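pasting the sequence and the predicted coordinates here, then a few questions.
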Amino acid sequence: MTEGIIGKEILGQFRIIERIGKGGMGEVYKAEQPAMDRVVAIKILHQKLAGRQDLVSRFRREARAMSRLTHPNTVRVLLYGQLEDTGQLYIAMEYLEGVDLARNTQLSGPMDPARASRIMIQVLSALQEAHEVGVIHRDLKPENILLTTQGGIADTPKVLDFGLAKINDEKMRPGSLVLTREGMVFGTPEFMSPEQARGETLDARSDIYSAGIIFYEMVTGQLPFPRCKSMEYIAHQIKTPPIPITERRPELHLPPELDLIIGRALEKDRNNRYATAMEFAQALQALLPPGEQLGAMYSMPPAAAKQSPPPPAAAAAPAGAKDRQGKPLVIALIAIIVALLGLVGYLLMAPDQPSTDGGAVVPVSAPDQP
């Protein structure tokens, strides 16, 4: 695509305003949709990708899966397909304004662990939904997580580019490895999992590893391996134990429990990591202030222990039933009190009698329950 597209209408409903991004995979444009009175972002992939039918079929399949994602922390997919004139693949998404996590770290430095946990819990919740419908990100990195404000709520993360890494040859960080053929390695070395670096088949736990490295960088401003060239990170991901997060920046005095929480996310063997994204999120909940919860929209359980459900009878009792159920007990108690008062009066008024058996037993019984 060239600057000549600016100002033109495409797909019969979008008018291109400006180009807002460019990479090896394609270009992203800001566009207005007058019929819906909204602004959208349209990613148009390079024409060279349109010539491979396997990529076109895979793109359509993955775009359909992405369009089913409804989590508030996932970018919404509005439309996808191929341009009629050029055959280029496109995807129209909600337009977002904000700063990605990579840029945020560059501008502000390390983030407070509690704030980082709030953000990452939301990201992991979005990943959980995607994983449940079979969508694995495969290129989760700080540049693909945008911090924005929605509904007046700041620090709302939006996860971008779900699933596109399967056909993605977008320019990564300088020195990143990009090979999109089946059985080859692709992704961003600094954030890829060990199994991804080995070119193995990936599952959801690969995204969990990447999320662990992102969190590590959020709170330390550094990566969990010695500084080196980007390509050398592949070897580190496969065999180098990560530097414990509390040792990476000791002057930050990070909470010691981070070593266990993030250490498990960064296990080389995927079987030793968190089994799901939500399990990782639940572990991060421990870093939040006491009693703080993120609400049902993030599918997070309360930090406290599970509470027992109310008794079924109490839950099902109609209005006024509780009062009616208490009346027989009150009547029985009154009857017992009256009987005891009568007994006391009898004992005080009766003449003294010699005991013949060393004692007397006076039975007192409550009236039958109605």
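Alright, I've got the coordinates. Numbers count the residues shown, from 1 in each chain.

now residue 263: which helix or strand?
helix 257-265 (DSSP states H and E).

and the angle from the very next helix or strand once past that helix to helix 257-265?
Scanning forward in sequence from helix 257-265 by DSSP H and E, the next helix or strand is helix 277-284. Going by axes from the mean of the first three to the mean of the last three Cα atoms, to 10 degrees, helix 277-284 is angled at 170 degrees with respect to helix 257-265.

where along the protein do the strands fall?
9-10, 14-22, 26-33, 38-45, 77-82, 89-94, 99-100, 145-150, 153-159 (DSSP state E).

show me which positions of the helix holding residue 263 end up buried.
Neighbour counts using 16 or more other Cβ atoms under 10 Å place 258, 261-265 of helix 257-265 among the buried residues. For glycine as for every other residue, the C-beta is placed from the backbone atoms N, C-alpha and C.

residues near residue 282, how many?
16 (other Cβ atoms under 10 Å).

related to what we said a few turns ago, export the strands of the chain as JSON lines, with columns for distance to residue 120, mean neighbour count and mean pLDDT.
What follows is the strands of the chain, written out as JSON lines (distance: least, Cβ to Cβ, whole Å; neighbours: other Cβ atoms under 10 Å; pLDDT from 0 to 100):
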{"stretch": "strand 9-10", "distance to residue 120": "36", "mean neighbour count": "16", "mean pLDDT": "90"}
{"stretch": "strand 14-22", "distance to residue 120": "24", "mean neighbour count": "15", "mean pLDDT": "92"}
{"stretch": "strand 26-33", "distance to residue 120": "25", "mean neighbour count": "20", "mean pLDDT": "92"}
{"stretch": "strand 38-45", "distance to residue 120": "24", "mean neighbour count": "20", "mean pLDDT": "93"}
{"stretch": "strand 77-82", "distance to residue 120": "23", "mean neighbour count": "17", "mean pLDDT": "90"}
{"stretch": "strand 89-94", "distance to residue 120": "22", "mean neighbour count": "21", "mean pLDDT": "92"}
{"stretch": "strand 99-100", "distance to residue 120": "14", "mean neighbour count": "16", "mean pLDDT": "95"}
{"stretch": "strand 145-150", "distance to residue 120": "9", "mean neighbour count": "17", "mean pLDDT": "95"}
{"stretch": "strand 153-159", "distance to residue 120": "8", "mean neighbour count": "18", "mean pLDDT": "95"}
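
for residue 243, find the nearest of the ones you listed.
strand 145-150 (22.7 Å; Cβ to Cβ).

tell me who's in contact with residue 283.
Remark: with contacts taken as Cβ atoms under 8 Å, 6 or more residues apart in numbering, residue 283 is in contact with 261, 264, 274.

what do you get if the cut-off is 6 Å, keeping everything else the same?
For residue 283, the set of contacting residues under the criterion of Cβ atoms under 6 Å, 6 or more residues apart in numbering consists of residue 261.

the one 4 residues further on too?
For residue 287, the contact set (Cβ under 6 Å, 6+ apart) comprises 113-114, 117.

just the buried ones from the residues you listed?
Members of these that pass the buried threshold by neighbour count (16+ other Cβ under 10 Å) are listed as 113, 117.

so of the contacts of residue 287, which ones are in helices?
Among the contacts of residue 287, the ones falling in helices (DSSP state H) are 113-114, 117.

count residues in the vicinity of the closest residue to residue 120 other than its chain neighbours, would you?
By the measure of Cβ to Cβ, 6 or more residues apart in numbering, the closest residue to residue 120 outside its immediate chain neighbours is residue 215, 5.0 Å from it. Counted with other Cβ under 10 Å, residues neighbouring residue 215 total 27.
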